[in-house]
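A.B. asks: Return atomic coordinates for the entry below.
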Amino acid sequence: MLLAGDIGGTKTDLAVFTPEDGPRRPVVQERFQSGDYESLEAIVHEFLDKVNLPVTRACFDVAGPVVAGRAKLTNLPWMLDEEVLKKDLNLESVRLLNDLEAVAHAIPHLGESDLFSINKGQPVSGGALAIIAPGTGLGEAFLTWDGAHYQPNPSEGGHGNFAPTTELEIELLRYLLKTYDHVSFERVCSGIGIPNIYNFLKDSGYAKEPPEIEALIEQAEDKTKIISQTGLAPGAPSKLCSTTLDLFVSILAVETSNLVMKVLATGGVFIGGGIPMHILPKFKDSRFMETFIKKGRFTDMLMRVPVNIITTSANLIGTASYGLELQIP
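C.D. replies: Below is the predicted model of the structure:
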């Protein structure tokens, strides 16, 4: 049996899989709040003690770069090491992979019911595929065709410099440069970025916030969740929250098209992460695509690129797929 885990800055999903059932049918699965534990080992021990199954191998995707079997999570103070985990968990083998690389492994296992289409496009056979995922942070990856299979490639492109494209975004950058010496796309296009956009709009006097909503956001442990829910509420009770989500979607569209251009993803682009799934109504108008295709002479090419939002937990599917394949002789 394989233990697969999706290890993020906010939550950790663990599940047990078998080769017979495949990567989409876990034997058992449970979610943990990452910040409540001092280490991944603590979570895994608690999980395995509870499920009492004969797990022999493990594979974990992590929100951060994996180098030589080691990873430091970007938004969590955990250092992970394959050999240390193998010994501490008493397993035959442990593998780590980047979380967006895991999503890349999941793409072949996804069907139409797992996707929300923003643009049908005209995919090029064998064309590269791009993946961008705003969750707690902003992950990026891509797949290239080797003539027989798509090969996943990790990336840390979400930490590239935020490049504003409108006057409002220029002011946002100036505002954040007062706090951060490096303003990446992750700072404005992720779970940690949404409060930054909200604070900018609020502090710049863009609109007044009703006192009850202002108090709710200030007291919330998860400000992104409250801003998102309020921004989607019927009747738009908060212009600040609604505009925050609009600006988030526009910035995501810019960086998504940037990634498509960089890897020439003519096969399509997949948007993962928890945030897009929770604010789908904001993708149902023309805002995202109008911004996505705004690339001058390459507008026609971008109009032909299929764009889909992943609406299922692709990380765990991809991690399980990768782990199960490693067991094949």
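
A.B. asks: which residues does Ile132 contact?
C.D. replies: 138-140, 158, 252, 255-256, 259, 269-273 (CB atoms under 8 Å, 6 or more residues apart in numbering). The way it works is simple: take the backbone N, C-alpha and C, and place the C-beta from them, glycine included.

A.B. asks: mind putting these in CSV, secondary structure, neighbour count and distance to Ile131 included?
C.D. replies: Listed next are those as CSV, based on DSSP: H, G, I helix; E, B strand; the rest coil; neighbours: other CB atoms under 10 Å; distance: CB to CB, whole Å:
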residue, secondary structure, neighbour count, distance to Ile131
Leu138, strand, 30, 11
Gly139, strand, 31, 8
Glu140, strand, 28, 7
Gly158, helix, 23, 11
Leu252, helix, 27, 13
Glu255, helix, 24, 12
Thr256, helix, 27, 10
Leu259, helix, 22, 8
Val269, strand, 27, 7
Phe270, strand, 28, 5
Ile271, strand, 25, 8
Gly272, coil, 30, 6
Gly273, coil, 28, 10
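
A.B. asks: Make CSV out of those and add distance to Glu167.
C.D. replies: Below are the contacts of Ile132 laid out as CSV (distance: CB to CB, whole Å):
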residue, distance to Glu167
Leu138, 23
Gly139, 29
Glu140, 26
Gly158, 24
Leu252, 19
Glu255, 18
Thr256, 21
Leu259, 24
Val269, 27
Phe270, 31
Ile271, 26
Gly272, 30
Gly273, 27
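
A.B. asks: Closest to Val66 out of those?
C.D. replies: Gly139 (12.5 Å; CB to CB).

A.B. asks: Quickly list what the closest one is bridged to.
C.D. replies: Here Gly139 sits in beta bridges with Ala133, as judged by DSSP bridges.

A.B. asks: Poorly predicted segments of the chain, please.
C.D. replies: For the chain, the stretches flagged by pLDDT under 70 are 327-329.

A.B. asks: surely Thr224 meets Ile275?
C.D. replies: Yes: Thr224 is within contact range of Ile275, at 7.5 Å (criterion: CB atoms under 8 Å).

A.B. asks: Which other helices and strands does the helix or strand hosting Glu46 contact?
C.D. replies: Per DSSP states H and E: Glu46 is located in helix 40-51. In terms of contacts (3 or more CB pairs under 8 Å, 6 or more residues apart in numbering; DSSP states H and E), helix 40-51 is packed against strand 2-7, strand 11-17, strand 28-33, helix 82-89.

A.B. asks: neighbour-wise, which of Thr224 and Ile275 wins?
C.D. replies: Taking other CB atoms under 10 Å, Thr224 and Ile275 do not tie; Ile275 has more neighbours (26 against 23).

A.B. asks: Ramachandran coordinates for that one?
C.D. replies: Here is the backbone geometry of Ile275 (degrees, to the nearest 10): phi -70, psi -50.

A.B. asks: buried residues in the helix or strand hosting Phe288?
C.D. replies: If you go by DSSP H and E, Phe288 is part of helix 287-292. Residues of helix 287-292 classed as buried: Arg287, Phe288, Met289, Thr291, Phe292 (neighbour count, 16 or more other CB atoms under 10 Å).

A.B. asks: can you redo those residues as JSON lines with distance to Ser238?
C.D. replies: Shown next, in JSON lines, are the buried residues of helix 287-292 (distance: CB to CB, whole Å):
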{"residue": "Arg287", "distance to Ser238": "18"}
{"residue": "Phe288", "distance to Ser238": "21"}
{"residue": "Met289", "distance to Ser238": "25"}
{"residue": "Thr291", "distance to Ser238": "22"}
{"residue": "Phe292", "distance to Ser238": "26"}
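
A.B. asks: Between these, which sits nearest Asp6?
C.D. replies: Each of the buried residues of helix 287-292 was scored against Asp6 by CB to CB, and Phe288 proved nearest at 25.5 Å.

A.B. asks: Tell me how far that closest one lies from His45.
C.D. replies: As judged by CB to CB, to the nearest Å, Phe288 and His45 stand 42 Å apart.

A.B. asks: Report how many residues lie close to the closest residue in space to Arg95 that isn't next to it in sequence.
C.D. replies: The shortest distance from Arg95 to any non-neighbouring residue, by CB to CB, 6 or more residues apart in numbering, is to Cys59 (4.6 Å). Cys59 has 26 neighbouring residues, counting by other CB under 10 Å.

A.B. asks: can you tell me which helix or strand Cys59 belongs to?
C.D. replies: Cys59 belongs to strand 57-62, assigned by DSSP H and E.

A.B. asks: Direction included, what does that strand pair up with?
C.D. replies: strand 2-7 (parallel), strand 93-98 (parallel).
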